[in-house]
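> Starting from these lines, generate the structure:
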Amino acid sequence: MTTQSPHSRSARIGIVTISDRASRGEYEDLGGPAIHKELSEILTSPWEAVPRVISDDQARIESTLKQLADEEGCCLIVTTGGTGPAPRDVTPEATEAVSEKLMPGFGELMRQVSLKYVPTAILSRQTACIRGSSLIINLPGKPSAIKDCLEAVFPAVPYCIDLINGPYLETNESICKAFRPKNK
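Sure, this is the predicted structure:
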């Protein structure tokens, strides 16, 4: 059996919208398509979206994240929604519950970027973590905030995925220049 090198593998990316109303079809999912659009602009290497629209239920979020990481083989899982202080906002708790390593710098940077636009960014609880060979990132629900936050953190994403043995992600440098340390 031959193993593909990370440079030749197509990336599978989970895109998870977490919304009671969108999961029931009462509200159009704007977050998932915004993530897909942004990733399509950022990434130049081959990738495949694995989309999900689910309710704000912690057990459901946890099982979806586990399935995308463990069974679907997604190197990156990006969620939208459920990161505020409302009682049904449990995305960070579900993310932490499936985490093997927390990556708090992602949430710190996203809040810092969002504070340039809205003072309520301090209410956001986005986080990120590693599960196996998957990087999971929680984004806010608003499409413009998704763009701002994803573009802010994405320069670190390809190297993080390299470090967890994922596929080699290349970016459109006019939008997002991926940082990778120079080989010595």
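> Show me the residue at the heart of the protein, geometrically.
Nearest residue to the geometric centre of the chain (CA atoms, centre = their mean): V78, 2.1 Å.
> Find the helix or strand that that one is a member of.
V78 is part of strand 76-80, with elements assigned from DSSP states H and E.
> Can you name the residues that contact C74?
Neighbour list for C74: 12-14, 50, 68, 134 [criterion: CB atoms under 8 Å, 6 or more residues apart in numbering]. Glycine gets a C-beta too; all of them are placed from N, C-alpha and C.
> Kindly reformat the residues you listed as TSV containing neighbour count and secondary structure.
As requested, those are exported to TSV (neighbours: other CB atoms under 10 Å; DSSP: H, G, I helix; E, B strand; the rest coil):
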residue	neighbour count	secondary structure
R12	19	strand
I13	25	strand
G14	24	strand
V50	16	strand
L68	26	helix
S134	26	strand
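> can you give me the strands for this protein?
Here the chain has its strands, by DSSP state E, at 11-18, 47-54, 76-80, 101-102, 128-131, 134-139.
> Of the ones you listed, which stretch is the most buried?
Mean neighbours per residue, mean count of other CB atoms under 10 Å, is largest over those for strand 76-80, with a mean of 29.
> wait, V98 sits on D70?
No: look at V98 against D70 with CB atoms under 8 Å: they stay out of range, at 9.3 Å.
> So what are the sheet partners of the strand holding V78 and their directions?
strand 11-18 (parallel), strand 134-139 (parallel) (DSSP bridges).
> Averaged pLDDT, the longest one. What do you get?
Pointing back at strand 11-18 there. In this model, strand 11-18 has a mean pLDDT of 98.
> how distant is that strand from the center of its chain?
Relative to the chain's own centre, strand 11-18 is displaced by 7 Å; criterion: CA atoms, centre = their mean, to the nearest Å.
> That one vs strand 47-54, what angle?
20 degrees (axes from the mean of the first three to the mean of the last three CA atoms, to 10 degrees).
> Tabulate the CA atom coordinates of strand 11-18 in PDB.
Output in PDB follows, covering the C-alpha atoms of strand 11-18 (Å, rounded to 0.1, in the frame of the first residue of the first chain):
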ATOM      1  CA  ALA A  11      -8.100  18.500   2.100                       C
ATOM      2  CA  ARG A  12     -11.500  17.700   3.600                       C
ATOM      3  CA  ILE A  13     -12.900  20.600   5.500                       C
ATOM      4  CA  GLY A  14     -15.900  20.400   7.700                       C
ATOM      5  CA  ILE A  15     -18.200  23.500   7.700                       C
ATOM      6  CA  VAL A  16     -20.700  23.400  10.600                       C
ATOM      7  CA  THR A  17     -23.500  25.800  11.000                       C
ATOM      8  CA  ILE A  18     -24.900  25.700  14.600                       C
END
